[in-house]
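Visitor: Sharing a model that was predicted from the sequence below.
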Amino acid sequence: MLFQIAWRNIWRNKVRSLVVIGSVLIGVWSILFIVAFSSAMVGGYVKNAIQNETSHYQLHHPNFVEDKDVKFNIDNPAAVLAKVSETKSVKAATLRTVVNGMVRSSRGARGIIIRGIDPAQESLVTGFDSKLIEGKYFTEGRKNEIIISQKIAEKLKLKLRKKVVLQFQDLNKDIVAGAFRIVGIYKTGNTIFDESMVAVKRMDLNELMAKEGIAHEVAVLLDKKEDLVPTGNALKVSFPNLLVENYREISPETQLYESQIDISATIFTTIFMLALIFGIINTMLMAVLERNRELGMLMAVGMNKGKVFTMIVLETLLLGIIAAPIGLFLGWATIQYFGGQGIDLGAFSASMEQFGLSTKIYTELSTKYYWSLAISVLITALLGSLYPAWKAIGLRPVEAIRKI
Amino acid sequence: MTVIKASNLTKTYNPDKIPVRALRGVDLAIEKGEFTAIVGPSGSGKTTLLNIIGGLDRPTAGEVEVGGKDISQLSDNQLIDFRKDNIGFVFQSYNLIPVLTAKENVEFVMVLQNRPKAERDKRAESLLTAVGIAEKMDKRPSELSGGQQQRVAVARALASKPAFILADEPTANLDSESTAGLLDMMATMNKEENITFVFSTHDQRVIDRARRVVTLVDGKIVSDERR
């Protein structure tokens, strides 16, 4: 009967209860959406970074990261690649020759990182071919093809089929140069990356370096991010003489951003819970004060303090139990919708791309956050009910009902 | 058999500031089956006396025994349990639980006593029949008249099978017809089932029906008349 009384008490003042339910519902809904949006935004940055720049893991000569000298290349890269590819959880891996140099056109020159890639393998690891917005990917058998970014094309006033000259230091410390024809123009959405990277076939680059088959980098893509740590450990064991780094070590800002997802979710949730707890205390305190006489009567006829306390707590919890699932459902539905359709932030694209952020946000949120929010709402409702319930059991029946 | 025994009861409000002596050495014994009215002018201490013998308030000095048990020393929770099993209350303004039906209101104290559902149903229905509103048992208090609500309150007070029923001005908010009906019903229960009733009242109609009238003035019993 306690549950029955608590349930019916909620609906005694429908407007007040609906206001509380509405606030919890809208709060849960909006907090889910905000967290999903910010996670997707930051998650998108990390995803872009993994896809375009870092992959999940990179293996280098231990000195290469500090000093990008071409002499710090990997011994027997083909064998390394074969062994990496056999490692559990590795989806794809590719070799790269990486060299700092200059790209020159008739209209200017700029410093650049030249990536010598194996086109087919690179596609599997980074999906580089899918980033092309003009032209085509490398053609087998054709020599000295180059793919540049839209940004570089604009800066150096280049177009498809134009020629550029790449200039860099080879293994003998001699300056070498080679002419390359532009076959494709790519755009990743990350301005900083796009302004600094051109891609050629590794074979062509190695020929200019005067050494066949060399590579400075092995980029590794995993089946799923959750395998990061065990795979890293396995790679470190397999290649004790190479520097094995994951994307968080290669690009520390990704780790910072990833940690921001949880931190911002916690901050949003805490602010919401604080607002909620005061709302609940206010509402339930009003409900208790209005019912002083009735609560006094209940204690007068034999309802003990434990039961009175439980009744008030139950009333509060029921408000949360009604509101939270509706809010969670609406939040889930909204996230699913925008997860499929995406939210186009094209109007802010220039500034967002500067920071490597996607301009279309596809909201997503892990199931564990739904659970943690639901539990947080219930805990908050419980905490919010304690003070009003404590006030209720502090009533003296004789004073509450004035006289019997 | 003595149901209530109050010995040398005193009650002083605000003892440290401006003391108000509501009771000044009251001795009172109520026997099983009595139909007693406690009367007196406003401020004479009627309500204070009822609060104390009902275990809702504690005396400043003196003792109250209910069924031979001294209740003046019980803790708050012990008093709540004691009231639940031993005392039935009828309040001036009915004080039913607004969200429960008449039958559920009567059942309520039995739920607190952990009585089985079948027993609760049977007793609630028979009590509502006894107080004459069986046909209204599924109505909520807001759907009942004042007289009907007070009848439900009497049925609720009887539900726990208490040692006695305390009623504070039970007819104060009722019209003449409802008052007469309620008094008839309580008098019948008193006579036929030997239920003990103690009223505080100003109402001459109640005083006229009482078989014992205790008069309080300035916190003291000035007359105790049995009829």
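Guide: Yes, it's here. In this text, all values refer to a predicted model and were calculated from it rather than measured experimentally. Residues are numbered from 1 along each chain as shown, chains lettered A, B, ... in the order given.
Visitor: Quick check: chain neighbours aside, which residue is closest to residue 224?
Guide: Using chain A. In space, and not counting its chain neighbours, residue A:224 is closest to residue A:89: 7.6 Å by CB to CB, 6 or more residues apart in numbering or on different chains. Bear in mind the C-beta positions are built from the backbone N, C-alpha and C, glycine included.
Visitor: wrong chain, I was asking about chain B
Guide: residue B:214 (5.1 Å).
Visitor: The one you found touches residue B:221, doesn't it?
Guide: Yes - Residue B:214 lies in contact with residue B:221 (CB atoms under 8 Å); the separation is 5.9 Å.
Visitor: which neighbours do these two share?
Guide: In terms of CB atoms under 8 Å, 6 or more residues apart in numbering or on different chains, residue B:214 and residue B:221 are both contacted by the residues residue B:28.
Visitor: count of neighbours near the closest residue to residue B:134 other than its chain neighbours?
Guide: Counting by CB to CB, 6+ apart, residue B:128 is the residue found nearest to residue B:134 once chain neighbours are left out, at 5.0 Å. By other CB atoms under 10 Å in any protein chain shown, 23 other residues sit near residue B:128.
Visitor: list the contacts for residue B:128?
Guide: Residue B:128 touches B:102-103, B:106, B:134, B:136-137, B:152, B:155, counting by CB under 8 Å, 6+ apart.
Visitor: Tell me the first helix or strand C-terminal of the longest helix seen in chain B.
Guide: Across chain B, the longest stretch assigned as helix under DSSP state H is helix B:176-193. Next along the chain after helix B:176-193, taking DSSP states H and E as the criterion, comes strand B:197-200.
Visitor: can I get the CA coordinates of the helix or strand just after that following strand in CSV?
Guide: Using DSSP H and E, the helix or strand that follows strand B:197-200 in sequence is helix B:204-209. Output of helix B:204-209 as CSV, limited to C-alpha atoms (Å, rounded to 0.1, in the frame of the first residue of the first chain):
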residue,chain,number,x,y,z
GLN,B,204,-24.3,20.0,23.6
ARG,B,205,-25.7,17.2,21.5
VAL,B,206,-22.7,15.1,22.2
ILE,B,207,-22.7,16.0,25.9
ASP,B,208,-26.4,15.0,26.1
ARG,B,209,-25.6,11.5,24.7
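Visitor: Please name the nearest non-neighbouring residue to residue B:157.
Guide: residue B:88 (3.1 Å).
Visitor: okay, now the one you found: neighbour count?
Guide: Neighbours of residue B:88 (other CB under 10 Å): 26.
Visitor: Just give me how far stretch A:22-37 sits from the chain centre.
Guide: Here stretch A:22-37 is found 19 Å from its chain centre; the criterion is CA atoms, centre = their mean, to the nearest Å.
Visitor: Output the contacting helices and strands for the worst-scoring helix or strand of chain B on mean pLDDT.
Guide: Within chain B, no helix or strand scores below helix B:176-193, which has a mean of 83 by mean pLDDT, DSSP states H and E. On a contact count with 3 or more CB pairs under 8 Å, 6 or more residues apart in numbering or on different chains; DSSP states H and E, helix B:176-193 meets strand B:35-39, helix B:146-159, helix B:204-209.
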